[in-house]
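In: After the sequence you'll find the predicted model.
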Amino acid sequence: MTGALLAAWQGAVWLFALPPFILPGPLRVLAALRDNAGLIAHHAAITAAEVALGLVLGVALGAATAIGLAASPLARALLRPALVATQALPVFALAPILTLWLGYGLASKVLMAVLIIYFPVTSAFFDGLMRTPRGWLDLGHTMGAAPWRLMWRVRVPAAVPALASGLRLAAVYAPIGAVIGEWVGAAGGLGYLMLLANGRAKTDLMFAALLVLAALTLALYWAVNRGCDRLTARMA
Amino acid sequence: MSAPGVTLAGTARFGGTALFEDVRLSLAAGQWTCLLGPSGCGKSTLLRLIAGLETGAAFAGEIAASDGRPVAGRVAYMAQDDLLMPWLDVAGNVALGARLRGEAEDAGRRDALIARLGLADHAHKRPGALSGGQRQRVALARTLMEERPVVLLDEPFSALDARTRVDMQELAAETLAGRTVLLVTHDPAEAARMGDAVWLMEGGALYAVPVPGSPAIRPVSDPETLRFGADLLTRLRAA
C-alpha cells in the first residue's frame, strides 16, 4: 500500500514533469532529509519537547478536572456548561493571542497542546468515572467507604479504559497543537521549519519536515497506545 | 458479636403506584429469613431498603433493630453478581472493606478466611482466573471479613450451576451461623432449604409461610423439605 502510493507519487512527478518547488518526488524528499538531517533533528527535538510537556500537563489537568467533576455535583453544575462553551471557541484562533502573551518560546506551544487535548481527556475520563457499575458503589456504600476512597480505589480504576481512549486521542492531537503554535510564531520546531522552507521554495525540505512530524506522531501514538493497552489489561 | 433482629414496616411507592403497601417483615435475631417471590415483585427493593441503598422508590415507614441501635453500618451485602474488583487479587478483594475505610488490613484473619473457604491456592489470583463458584466464594469471604451482625443476600447463588449452588448454600449456612441473615431468592427449593423462616411476596403483600420442623439448613434430599419446596412453587405459580 505504502509502496504503491510512493510509486504513484514519483510517477506523477515524472509524468507531469512537475517542478520540484511544486511537488518534489519522494526520492528528492529523502535526499533533503539526508542532507538536512542535523537541522531537522534540531527542530524535531524542539517539537518533541513541546508535545511531551503538553501531553503530560494536558493529561494531568484533564484527569484532575474529570475527578473533580465526578466527585462534586456542585462542580458539575458550575463547570460543565463552561467547559462545553470553551469548545465553541476554535483553539486555533487563540494561537496568536497565546504567542502575544507567552512569547515565541516553548510556553505558548505547550499551552496550545494542553488546550487542544484538555477537553477530550476530561470528557472521556469523566464519562468513565460516571459509569462505575452500580453494584460496586452499593458494595462500597454498605462497607462504609469514604467518598474519596471509593473514588480512588474503585471509580478511578474502573474508569481506566475510558481514560485510555482519551489518552489515545491526546497522543494524536498534541502534535497538532504544538505545530499550530509554531506556525503562528516561533524560533524553532518542525512547524517553524516547514514555514521557513516553504518561504524559500525549498519544498523538498518542507516535505522532509512533514515526514518527520508524521513519524513523530505515529511513534507517540504507538507508545501511548501500548502503554494504554497494558494499563487496561492490568485493570481488567 | 450478638446479632439483633431487624424489622421493616411500611410502604414503598414508585411514582404513584405502590410497590408494596403496609408490609411488615421481621428478621429473627441470629436466624435465616428467606424472602421468596417472582422477579420484579419488590423483594430486592425491600432488601436494599434495609441495606440503606438507593432504590428509586419512596419509602414511608420504619426500619429498626431489636437492640434499638441503628441498622445502618451493621449490614454486609452480597449480590448475584460477585462484585469482585478485577484489578485486585483474591486477598485484595477479601480485604476490600478495610481498604475502603482506610483501616489496617487484618492479614491474619483475611488469610484464615481465604483458607476456610478453600481458596488458599488462589489467594494471589485475579478474579478473571477463577470459576464462577470460586468467585462467589471470594465474595462470601469478603462478606465474612466485614464481620457485620446482619447479612443481606440478594440472590447470591442464582447464577451458579446446581451442584455449586448447593455447596455454596451449605458453606454460607455454616460460615454465617449466628448472624441475622436475609436471603432474597426466586428459587423455592433454596428457600425451603435455607429458611428458618420463609416469607412469600406477591402482589405487593408479604405472607409468612410455616416451615418444616427440621432445622435449617435442610438436606437436599429430605422428603419434607422437597415437599415444602414443591408447595412454595405451587403457591408461586398460583399467584
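Out: Cool, got the structure.
In: what ranges do the helices span in chain A?
Out: A:2-15, A:26-35, A:37-71, A:73-86, A:91-102, A:106-129, A:134-142, A:147-150, A:156-158, A:160-184, A:190-199, A:203-235 (DSSP state H).
In: What separation is there between residue B:54 and residue A:118?
Out: For residue B:54, the distance to residue A:118 (CB to CB, to the nearest Å) stands at 32 Å. All C-beta atoms are positioned from the backbone trio N, CA, C, and that covers glycine.
In: quick one, what contacts the residue of chain B found nearest chain A?
Out: Per CB to the nearest CB, residue B:100 is where chain B lies closest to chain A, at 3.5 Å. Residues in contact with residue B:100 (CB atoms under 8 Å, 6 or more residues apart in numbering or on different chains) are A:140, A:143-146, A:149-150, A:153-154.
In: and those near chain B, which?
Out: Among the contacts of residue B:100, the residues lying close to chain B (CB under 8 Å from any CB of the partner chain) are A:140, A:143-146, A:149-150, A:153-154.
In: Filter the contacts of residue B:100 down to just the buried residues.
Out: Neighbour counting with 16 or more other CB atoms under 10 Å in any protein chain shown marks A:140, A:143, A:145, A:149-150, A:153-154 as buried within the contacts of residue B:100.
In: want to try TSV for those residues, with pLDDT as columns?
Out: As requested, the buried ones among the contacts of residue B:100 are exported to TSV (pLDDT from 0 to 100):
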residue	pLDDT
A:140	96
A:143	95
A:145	94
A:149	95
A:150	96
A:153	95
A:154	96
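In: So which of the residues you listed is the closest to residue B:120?
Out: residue A:143 (23.9 Å; CB to CB).
In: and the closest one, how far is that from residue B:51?
Out: 11 Å.
In: How about the residues of chain B by chain A?
Out: B:48, B:51-54, B:73, B:75-77, B:79, B:81, B:83, B:85-87, B:96-97, B:99-102, B:128, B:146, B:152.
In: who touches residue 193 in this structure?
Out: Going with chain A. With CB under 8 Å, 6+ apart, residue A:193 has these contacts: A:39-40, A:43, A:205-206, A:209.
In: not what I meant, chain B
Out: Residue B:193 neighbours (CB under 8 Å, 6+ apart): B:169, B:216-218, B:220, B:225, B:229.
In: Can you tell me which of the residues you listed end up in helices?
Out: Those of the contacts of residue B:193 lying in helices (DSSP H): B:169, B:225, B:229.
In: now those as JSON lines including pLDDT?
Out: Below are those laid out as JSON lines (pLDDT from 0 to 100):
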{"residue": "B:169", "pLDDT": "94"}
{"residue": "B:225", "pLDDT": "94"}
{"residue": "B:229", "pLDDT": "94"}
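In: Now do the buried residues in stretch A:226-236.
Out: In stretch A:226-236, counting by 16+ other CB under 10 Å, buried: A:228, A:231, A:235.
In: and the first one, what does it touch?
Out: For residue A:228, the contacting residues are A:164-165, A:167-168, taking CB under 8 Å, 6+ apart as the criterion.
In: pretty sure residue B:151 is in a strand, no?
Out: Yes - counting by DSSP: H, G, I helix; E, B strand; the rest coil, residue B:151 falls inside a strand.
In: What residue, apart from its backbone neighbours, is nearest residue B:69 spatially?
Out: Using CB to CB, 6 or more residues apart in numbering or on different chains and skipping the chain neighbours, the partner closest in space to residue B:69 is residue B:4 (7.3 Å).
In: again with residue A:26
Out: Per CB to CB, 6+ apart, closest to residue A:26 is residue A:6, 5.0 Å.
In: where's the closest residue to chain B within chain A relative to residue A:153, distance?
Out: Minimum separation of chain A from chain B (CB to the nearest CB) falls at residue A:145, amounting to 3.5 Å. Using CB to CB, residue A:145 is found at 8 Å from residue A:153.
In: and if you look at residue B:8?
Out: For residue B:8 relative to residue A:153 (CB to CB), the value is 31 Å.
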